[in-house]
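1. take a look and give me a structure for this.
(chains A, B, C and D)
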There are 2 protein chains.
Amino acid sequence: MNGRMRIGELTERAGVTPRTVRYYESIGLIPPGEREGQGQHYYTEETLARLRKINQLKKLRLSLDEIRDVIDLYFIDPSGVQAKQKVLVVLRQHLAEADQKIREYQQFRAELEDHIERFERWLEEKKPR
Amino acid sequence: MNGRMRIGELTERAGVTPRTVRYYESIGLIPPGEREGQGQHYYTEETLARLRKINQLKKLRLSLDEIRDVIDLYFIDPSGVQAKQKVLVVLRQHLAEADQKIREYQQFRAELEDHIERFERWLEEKKPR
DNA sequence: TAAAAACATTACGTTAACGTTATGTTTTGG
DNA sequence: CCAAAACATAACGTTAACGTAATGTTTTTA
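-> Predicted coordinates:
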């Protein structure tokens, strides 16, 4: 009933797979589950909370790298102000990148139309029979 | 002089690296250079022409897979009509995909702005000093 | 107490088109 | 003829976030 759980409960409650938990441990996104000697790992409610926060941030399309840069703030400063300020910076970057991508694709699109027209004209000229 | 050359001349004239030539050979984009017994490979003018045509198609942003589907036509049908017709189909697909990408990024962009606004308002409310 | 769950660990696979060592062989120029 | 180019081959690296075996151990349950 308390906050001590094995990976099965953790993953079920967090909505992730064991593979994901272990991967996050391996990259330092969440603390490694404690273990008694060898054998299985035990996790806490705080780790569960971390996983849920990570999932929220993933929905905002933050990468795991970006999440790692802000996740601790959520637990150091419970008000969430500092974390959200930092996330906001990232979101603005993403916005700029999205704008850039849109411009690139529009540019590519224009070139494509140009090529297509050229091809069509070339084929028209070749085929007047 | 004639059309018999080793990889050095081939790559220099085609504007690619030896690695690229060997990679293309390995995926069947160009015929393997002939060799006498063991040792070095010799290439022909036609292979050079193929490489140049491949480069042209790459400028149109065709993938190597897509190029493989059309490259032979350029040498089977010297008029180029069939090849260009096939390329045209690919270009139109790319156009559709570009449009799709643009829509996706615009959607993402809109969501981002939404999130950003939310964050800004949340931070405003928290900080009324 | 023995079989069934659950868990742990290792490692390959996923996309595209080569770049970059590392090492060994062949050809060429003086 | 020998050193310097040029060439050949094999194999790892590159991006992100895990999925998916394969195999072995621990915990739970009947």
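2. going forward, measure contacts and count neighbours with C-alpha atoms only.
-> Will do.
3. show me where chain A has its strands.
-> In chain A, the strands defined using DSSP state E lie at A:34-35, A:41-42.
4. mind putting those in a markdown table, distance to DNA strand D, mean neighbour count and mean pLDDT included?
-> Formatted as a markdown table, the strands of chain A follow (distance: least, CA to the nearest atom of the strand, whole Å; neighbours: other CA atoms under 10 Å in any protein chain shown; pLDDT from 0 to 100):
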| stretch | distance to DNA strand D | mean neighbour count | mean pLDDT |
| --- | --- | --- | --- |
| strand A:34-35 | 9 | 13 | 90 |
| strand A:41-42 | 9 | 16 | 96 |
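5. which stretch among those strands comes nearest DNA strand C?
-> Ranking the strands of chain A by proximity to DNA strand C (CA to the nearest atom of the strand) places strand A:41-42 first, at 3.6 Å.
6. list the contacts of stretch A:116-129.
-> B:81, B:84-85, B:88, B:91-92 (CA atoms under 8 Å, 6 or more residues apart in numbering or on different chains).
7. any chance of the strands of chain A in JSON lines, plus distance to A:S63?
-> Below are these laid out as JSON lines (distance: least, CA to CA, whole Å):
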{"stretch": "strand A:34-35", "distance to A:S63": "26"}
{"stretch": "strand A:41-42", "distance to A:S63": "26"}
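8. JSON lines for these, including distance to DNA strand C?
-> Below are these laid out as JSON lines (distance: least, CA to the nearest atom of the strand, whole Å):
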{"stretch": "strand A:34-35", "distance to DNA strand C": "8"}
{"stretch": "strand A:41-42", "distance to DNA strand C": "4"}
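9. those strands: which one's closest to A:V70?
-> strand A:34-35 (23.4 Å; CA to CA).
10. parallel or antiparallel, which strands does that closest one pair with?
-> For strand A:34-35, the paired strands and their directions (DSSP bridges) are strand A:41-42 (antiparallel).
11. and the lowest-mean-pLDDT helix or strand in chain A, how far out from the chain middle?
-> Least confident helix or strand of chain A, by mean pLDDT, DSSP states H and E, is strand A:34-35 with a mean of 90. Computed by CA atoms, centre = their mean, to the nearest Å, the chain-centroid distance of strand A:34-35 equals 27 Å.
12. thinking again about what came up before, which one of the contacts of stretch A:116-129 is nearest A:E104?
-> Closest to A:E104, out of all of the contacts of stretch A:116-129 and judged by CA to CA, is B:L91, at 16.7 Å.
13. for that closest one, what are its contacts?
-> A:112, A:116.
14. for it, give me the pLDDT.
-> Note for B:L91: predicted pLDDT of 98.
15. tell me the residues of chain A that contact chain B?
-> Taking CA under 8 Å from any CA of the partner chain as the criterion, chain A approaches chain B at residues A:60, A:81, A:84-85, A:88, A:91-92, A:94-95, A:98-99, A:101-102, A:105-106, A:108-109, A:112-113, A:115-116, A:119-120, A:123, A:126.
16. selecting buried members of these in PyMOL, what would you type?
-> Command for PyMOL, covering only those of those found buried under the criterion 16 or more other CA atoms under 10 Å in any protein chain shown:
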select buried, chain A and resi 60+81+84+88+91+94+95+98+99+101+102+105+106+108+109+112+115+116+119+123
